[in-house]
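*Asks:* Build me a structure from this.
(4 chains)
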Protein chains: 2
Amino acid sequence: MSRREEITAAARALLEEEGEEALTMRNVADRLGIKAPSLYKHVSGRKEIETLLAAEALGEMGETLARESDLEGMGDAYRTWALANPALYRVATTRPLDREKLSPGVEEAAAAPLLEALDGDRDRARAFWALAHGLVLLEMDGRFPEDADIEAAWAAGLD
Amino acid sequence: MSRREEITAAARALLEEEGEEALTMRNVADRLGIKAPSLYKHVSGRKEIETLLAAEALGEMGETLARESDLEGMGDAYRTWALANPALYRVATTRPLDREKLSPGVEEAAAAPLLEALDGDRDRARAFWALAHGLVLLEMDGRFPEDADIEAAWAAGLD
DNA sequence: GGTCGAGGCTAACACAGTTAGCCAGATATG
DNA sequence: CATATCTGGCTAACTGTGTTAGCCTCGACC
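*Replies:* Predicted coordinates for the structure are as follows:
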């Protein structure tokens, strides 16, 4: 496990255990028994850590979707994963990620299962993605009252 | 124009002209020819400024939607407004807003036109909202390539 | 065995939000 | 009219953030 990977792991643990605002250079360094400036020997800064996390998250989401066969299953899986990893989900999907540093193909791989389930129709895939993304974010942010889940059925109703 | 309103206006101008990360207490204060600590005589902190901005934004979005009659028009209007006010849109719709301080009814008013266009079907209204929200955020974050707008048609296709 | 890079460290800077406490001027009160 | 109070500004300061500069040590390699 390279130092970069250890940093990514520490960052992720921080995100899961203490939430998004706990992802600071000093906290990450603490987890590794190190001082914050030393992190810069391995990583260009906080943004790069976030990019590493995004890559990891996108990979996992792609795998998760790939395990499903139909759209409804993918919707459920998407929601379940996101709600199980809310802070990581936000880091990975909110904010514009810089594709330079992202190893190429990560995004495509994440989208592939969905695209396949929709017979390669990119527009519908994007619409589905947007719907899932919107639902998850609104739910995470508590923008809905206490019902809501019927919308997963709506995603199915979409097709 | 009360001091609170002036603060809100300054914050909004900052958001529009210089982007989200320019929304700092010191910048807001500068716009008013004041020092940052003085803001606390009128506002409890940064979070409250964001709540004020959210209320304003939700109001405007509600008005914007109310001007349309069908779902497709609302989709276009929603997207147009969001892309014209990206930073404000983010502040208003991202992050959980505390409803305590929000004058009650603001949220309902924003949602009302959409709900009416859907004959009071809350689930479909939420699905539409989520779709629009997802599309806008993904577009704002540059998560799509350079096509995309066909999805607006998809929103129509949804119903 | 000397060289040198990898990977730690401390000190420091700019800037964020925020608090405490002071002070002038307007405003209200006796 | 004089006095008290309240409003809304101020400076100084604290904590926590990302980040940079520069030093030092240890282990690997010619």
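*Asks:* For the helix or strand harbouring residue A:125, which helices and strands make contact with it?
*Replies:* Per DSSP states H and E: residue A:125 is located in helix A:122-140. On a contact count with 3 or more C-beta pairs under 8 Å, 6 or more residues apart in numbering or on different chains; DSSP states H and E, helix A:122-140 meets helix A:71-84, helix A:86-93, helix A:106-117, helix A:150-157, helix B:122-140, helix B:150-157. In this view, the C-beta of every residue, glycine as well, is placed from N, C-alpha and C.
*Asks:* Can you say which of these is nearest to DNA strand D?
*Replies:* Closest to DNA strand D of the helices and strands packed on helix A:122-140, according to C-beta to the nearest atom of the strand: helix A:86-93, at 12.3 Å.
*Asks:* Dump the C-alpha coordinates for that closest one into CSV.
*Replies:* The C-alpha trace of helix A:86-93 is given here as CSV (Å, rounded to 0.1, in the frame of the first residue of the first chain):
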residue,chain,number,x,y,z
PRO,A,86,-23.0,10.1,1.7
ALA,A,87,-19.9,12.2,2.3
LEU,A,88,-17.9,10.2,-0.2
TYR,A,89,-20.8,10.4,-2.7
ARG,A,90,-20.8,14.2,-2.4
VAL,A,91,-17.1,14.5,-2.9
ALA,A,92,-17.2,12.3,-5.9
THR,A,93,-20.2,13.7,-7.7
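*Asks:* on that earlier part again, show me how far the helix holding residue A:125 is from its chain's centre.
*Replies:* Distance of helix A:122-140 from the chain centroid (C-alpha atoms, centre = their mean, to the nearest Å) equals 13 Å.
*Asks:* and that helix with helix B:86-93, angle?
*Replies:* Interaxial angle of helix A:122-140 relative to helix B:86-93 (axes from the mean of the first three to the mean of the last three C-alpha atoms, to 10 degrees): 50 degrees.
*Asks:* Quick one: residues contacting the residue lying farthest from the centre of chain A.
*Replies:* In chain A, residue A:35 marks the outermost C-alpha relative to the chain mean, sitting 27.6 Å out by C-alpha atoms, centre = their mean. Counting by C-beta atoms under 8 Å, 6 or more residues apart in numbering or on different chains, residue A:35 touches residue A:29.
*Asks:* What backbone torsions are found at it?
*Replies:* phi -100, psi 150 (degrees, to the nearest 10).
*Asks:* cool, and residue A:97?
*Replies:* Dihedral angles for residue A:97 - degrees, to the nearest 10 - are phi -90, psi 140.
*Asks:* how many neighbours does it have?
*Replies:* 23 (other C-beta atoms under 10 Å in any protein chain shown).
*Asks:* Surely residue A:93 and residue A:133 touch.
*Replies:* Yes. Taking contacts as C-beta atoms under 8 Å, residue A:93 lies within contact range of residue A:133: 6.4 Å.
*Asks:* returning to what we had before: CA atoms only for the helix holding residue A:125, dumped as PDB, please.
*Replies:* In PDB, the C-alpha atoms belonging to helix A:122-140 read as follows (Å, rounded to 0.1, in the frame of the first residue of the first chain):
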ATOM      1  CA  ARG A 122     -26.700   8.100 -24.100                       C
ATOM      2  CA  ASP A 123     -29.500  10.600 -23.700                       C
ATOM      3  CA  ARG A 124     -31.700   8.200 -21.700                       C
ATOM      4  CA  ALA A 125     -28.700   7.100 -19.700                       C
ATOM      5  CA  ARG A 126     -27.900  10.700 -18.800                       C
ATOM      6  CA  ALA A 127     -31.500  11.400 -17.900                       C
ATOM      7  CA  PHE A 128     -31.600   8.300 -15.600                       C
ATOM      8  CA  TRP A 129     -28.300   9.400 -14.000                       C
ATOM      9  CA  ALA A 130     -29.600  12.900 -13.400                       C
ATOM     10  CA  LEU A 131     -32.800  11.600 -11.900                       C
ATOM     11  CA  ALA A 132     -30.900   9.300  -9.600                       C
ATOM     12  CA  HIS A 133     -28.400  12.000  -8.700                       C
ATOM     13  CA  GLY A 134     -31.100  14.500  -8.000                       C
ATOM     14  CA  LEU A 135     -33.200  12.100  -5.900                       C
ATOM     15  CA  VAL A 136     -30.200  11.100  -3.800                       C
ATOM     16  CA  LEU A 137     -29.000  14.600  -3.200                       C
ATOM     17  CA  LEU A 138     -32.400  15.900  -2.300                       C
ATOM     18  CA  GLU A 139     -32.900  13.000   0.000                       C
ATOM     19  CA  MET A 140     -29.500  13.400   1.600                       C
END
